[in-house]
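Visitor: below: sequence and its predicted model.
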Amino acid sequence: MTIDRIVLAFAGTVVLLGLLLGTLVNAWWLLLTAFVGLNLLQSAFTGFCPLALILKRLGIKSGAAFR
């Protein structure tokens, strides 16, 4: 599995978790979903993703998006 796929899977999981918690627990959890969305948007323009840097340091092989 490459860094790209891990980042996308992690982001999708956190978005779904934030929506679930926002619906069942407290609406403030929707801020987690907004944060992930903003982070995905900025990484599309800048190429900077904190999770990708961490995964690279752990030795996960790069994909096409994060090198």
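Guide: Structure received.
Visitor: Arg5 touches Gly63, doesn't it?
Guide: Yes: the pair Arg5 and Gly63 qualifies as a contact (Cβ atoms under 8 Å) at a distance of 6.6 Å. Backbone N, C-alpha and C define where each C-beta goes, glycine included.
Visitor: those two: who's more crowded?
Guide: In this view Arg5 and Gly63 are compared by other Cβ atoms under 10 Å, and Gly63 has more residues nearby, 16 against 12.
Visitor: tell me the phi and psi of the more buried one?
Guide: Phi and psi for Gly63, reported as degrees, to the nearest 10, are phi -110, psi -150.
Visitor: where do the helices sit along the protein?
Guide: Along the chain, counting by DSSP state H, helices occupy 3-24, 30-46, 50-57.
Visitor: now these in CSV, with mean pLDDT?
Guide: Converted to CSV, those look like this (pLDDT from 0 to 100):
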stretch, mean pLDDT
helix 3-24, 96
helix 30-46, 95
helix 50-57, 94
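Visitor: name all residues that make contact with the most centrally placed residue in the chain.
Guide: By Cα atoms, centre = their mean, the chain has its centre lying nearest to Ala11, at 3.1 Å. Ala11 makes contact with Val36, Asn39, Leu40 under the criterion Cβ atoms under 8 Å, 6 or more residues apart in numbering.
Visitor: let me have those residues in JSON lines, extended by distance to Gly59 and neighbour count.
Guide: Shown next, in JSON lines, are the contacts of Ala11 (distance: Cβ to Cβ, whole Å; neighbours: other Cβ atoms under 10 Å):
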{"residue": "Val36", "distance to Gly59": "24", "neighbour count": "18"}
{"residue": "Asn39", "distance to Gly59": "23", "neighbour count": "17"}
{"residue": "Leu40", "distance to Gly59": "24", "neighbour count": "15"}
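Visitor: from these, which is closest to Leu53?
Guide: Leu53 lies nearest to Asn39 out of the contacts of Ala11, by Cβ to Cβ, at 12.6 Å.
Visitor: surely the closest one and Thr46 touch.
Guide: No: between Asn39 and Thr46 there is no contact under Cβ under 8 Å: 10.4 Å.
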